[in-house]
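S.K.: fold the following.
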Amino acid sequence: MPSLLVILIVLPAAAAAMLLLLDAKAPPVRARWAALLATLATFLVSLGVASQFLSINRSGIEGTSPVHAQMEQKHTWLTIVPETADVPPITLQFHLGLDGISLAMVLLTTLLTISAVLVSWTAISERSAEFYASLLILETGLIGVFCAFDLLLFYVFFEFTLIPLFFMVGIWGGPLRRYAAGKFFIYTLAGSVITLLGLIWLVVETYQMGIATHTPLATPFSIPAITELLAVHALPMETQVILFLMIAAGFMVKVPLFPFHTWLPLAHVEAPTAGSVLLAGVLLKLGAYGFLRLCLPTVPGACLSVGMPLIGTLSVIGIVYGSFCALAQNDIKKLVAYSSVAHLGFCMLGLFALNTEGISGGVLQMVNHGLSTGALFCIVGMFYERYHTRQLSELGGLANRMPLLAVAMVFTSFASIGLPGLNGFVGEVLALMGMFKRDPILAMIGATGVVLGAWYLLGVLQKAFFGPLQEPHHDSHDEPVADLNAREVMALLPLLTMCLWLGLFPQGLLDLIRPDVESIAKLYGDVHATKGMGAKNYNLKRSTDADDSADAAQPENVERKAPQANQNPNPNLLNPAAPEAPKSEVRP
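M.R.: Residues are numbered from 1 along each chain as shown. Okay, here's the model as predicted:
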C-alpha cells in the first residue's frame, strides 16, 4: 500500500495527466475546478502527513546523523554487486522522507498552490487545461524536492521544476515571455550542471572514504548515509572547498544571490501571476534548501572557512543592492521582484551564521517570505486584472476605490517589512542575531535592509493607495472598479492568517524544525572548537576508533597526529599509482 508521501507527490501529477490526456480541450471553467479540487486534495493529504509526522517521537534522533528522515519510504530499484567480497552490494534506492524543515516547506507549497489556482481563475482563458496541468506538475516537482533523501532523486526533482515553469512563463507570460523564459532556463540549468558534477564527485569521494575507513556505504546516494559518514571521517579541506564551490553554483543561481540574480526580475515581470507566486514563494527557496540539505552537512569545514565569508558577503550585498533597486522601480511587480533578492539575502545570512539562532531564523524566513511575497504577487495580479497596468505613476488613492484590497496590501507590506507581531519580524531578528554572533559587521550591514524595506514598501502604499484618487483607463471606465470578490478573498485569507499566526506564535514552527537545526548547528560548534587544529584535522565528531581515542588522550600541548585513514581517506588522492576501487557488476 503506498504511503501518504507517495500519494502526496503522485496526486497532483495524476490530476495534471487527466487534464492533458482526458480533457485537453475542456472549457476553462472545467479545468479551473479540476485544478482547484486537485490542489485542495493535495493540501488535505499534506495535513494528514503533518499529523502523522507530529505523532512520531523524535527525541532519539539526535546524534545519529546531521540529516535524518522520518516517515521514510524506500524502494530498491538497482543493486550492484562488487567483485571484492569484503565490499557490500551497492544499492540505489527510491528514498522519500520528511524532517521538520522539509515538512514546513511541503505545507507552504501545497497552501500557495491553492492561492495560485484561485488568482488565475479569470486571468487564464486560453489553453486553460494545459496551464493548470503545468501548475500541478510544478507542484509535484516542488514537493518531490523537499521529500527526496536520495541525491539522484533530489537532483531529478530539482531540475524537473524548471520545465513546467519554463512553459508557464513562455506561453502565458507577458510581451517578453520567450526571452524571459529562455534566460531563466539557461541561467538555472547552467548552474545546475556544475552542481551535478559536484554531487557526482561527492558520491565518489564518500564511497572511497567508506572503503578506506572500513565503513563502506551500501547506499552511496543516500543523503543521511553520506552525512553520517562525513560527520565522522571528514574529507580533506582542499576537497571540501572545491566541492562546496561546485555544489553551491546551482544553488546560488536559484536563490538567487548577487550577482547571479539578473534572470529573476524579468522572469517575475513576464510570468503570469500564478507563476510569480510559486516562483517567489517556493521555487527560490530550493536554492536555500539545497545549501541547508547538502552543503552544510557534507562540507562543514569549507562552509565555515569559505562559505560563511563568501555567502555572507554576497547576502548583505544582495540585501542592500536589491533594496535600492526596488526603490528605483516604477513597476510594482518588478519592485516586489527586487525585494525578493533582498529578503532571500536575510535567509542566506541566517543559514551561514552556522548556529542555532541563525539557521532557525533562515528557515523561518524562508517560510515567511513565501507567505508575504506570495500574497504581494497575488495582490499585484489582482489590480493588474482591473487596470492592466502596474506603473506607480499611473496609480493613486486606490484605497478610496478598493478598501479591502488596500487593507490586504497594507497588512502584507507590514508583514514583509518585519513589523513586530507579524511573521517577518521573528525570522529577520533571529537571522541577524545568529550572524551577529558570527560576524557583527555583516549583521550590521544586513540590518540596514530592514530600514530600506520599509522605505520602498511604504513608498508603494503612499503612491498607489493613498492621496488623491488617480485611476488609469480601464475596460469598464464608466463603471467603478470592483473591490475584492469572494474568490480573491479566499486566495489571500489563508496567507494573511498564517502571516499573523507565525508573528504571534512562532514557537510551533521553531519547535518543529529545532531537532534538525540543532543537529547541523551542533556540528558547527564542533568545527569551531577544533578550528585551530589545522585544515586536515576537521573531524567533526569523535570517532569510536581506537586511534582516535588514543589521540584524544594526548595532552593539549602535544602536537597531534591524525589517524592515517583520516589523513588520506582516499588512497588515490595523493598516490596516483594506488589501486582503483573494486570493479563492480550489475546483479542479474
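S.K.: make it CA atoms for all contacts and neighbour counts henceforth
M.R.: Fine.
S.K.: end to end on stretch 469-480, go ahead and measure it.
M.R.: Length of stretch 469-480, first residue to last, C-alpha to C-alpha, to the nearest Å: 12 Å.
S.K.: how close does Leu107 get to Asp516?
M.R.: Counting by C-alpha to C-alpha, the separation of Leu107 from Asp516 is 17 Å.
S.K.: which one's more surrounded, these two?
M.R.: Asp516 (24 against 20; other C-alpha atoms under 10 Å).
S.K.: pull the CA atoms of stretch 516-526 into CSV?
M.R.: Taking Å, rounded to 0.1, in the frame of the first residue of the first chain, the C-alpha atoms of stretch 516-526 are listed here in CSV:
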residue,chain,number,x,y,z
ASP,A,516,17.1,19.2,12.6
VAL,A,517,18.6,22.7,13.1
GLU,A,518,20.4,21.7,16.2
SER,A,519,21.9,18.6,14.5
ILE,A,520,23.6,20.9,12.0
ALA,A,521,24.4,23.7,14.4
LYS,A,522,26.0,21.2,16.8
LEU,A,523,28.2,20.0,14.0
TYR,A,524,29.4,23.6,13.5
GLY,A,525,30.0,24.0,17.2
ASP,A,526,32.5,21.1,17.0
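S.K.: tell me how far it lies from the chain's centre.
M.R.: Using C-alpha atoms, centre = their mean, to the nearest Å, the distance from the centre of stretch 516-526 to the centre of the chain it belongs to is 19 Å.
S.K.: can you give the contact residues for that stretch?
M.R.: Among residues not part of stretch 516-526, those counted as contacts by C-alpha atoms under 8 Å, 6 or more residues apart in numbering are 62-63, 65-68, 99-101, 231, 296-297, 300, 304, 354-356, 359-360, 540-541.
S.K.: and the next helix or strand past the longest helix along the chain?
M.R.: Ranked by residue count, the top helix of the chain under DSSP state H comes out as helix 177-212. Toward the C-terminus, helix 177-212 is succeeded by helix 223-232 as the next helix or strand (DSSP states H and E).
S.K.: I'd like the average pLDDT over whichever strand or helix holds Ala13.
M.R.: When secondary structure is defined by DSSP H and E, Ala13 falls within helix 4-21. Mean pLDDT, taken over the full extent of helix 4-21, equals 90.
S.K.: elements contacting whichever helix or strand comes after that helix?
M.R.: Reading on from helix 4-21 to the C-terminus, the next helix or strand found by DSSP H and E is helix 28-54. Helix 28-54 is packed against helix 4-21, helix 100-119, helix 128-147, with contacts defined by 3 or more C-alpha pairs under 8 Å, 6 or more residues apart in numbering; DSSP states H and E.
S.K.: buried set for helix 28-54?
M.R.: Buried positions in helix 28-54, judged by neighbour count with 16 or more other C-alpha atoms under 10 Å: 28, 31-32, 34-47, 49-50, 53.
S.K.: again, but for stretch 487-504
M.R.: Of the residues in stretch 487-504, those buried under the neighbour-count criterion (16+ other C-alpha under 10 Å) are Glu488, Val489, Ala491, Leu492, Pro494, Leu495, Leu496, Met498, Cys499, Leu500, Leu502, Gly503.
S.K.: if we can go back for a sec, give me whichever of the helices and strands packed on helix 28-54 is most buried.
M.R.: Burial of the helices and strands packed on helix 28-54 is given as mean neighbour count (mean count of other C-alpha atoms under 10 Å); helix 128-147 ranks first at a mean of 26.
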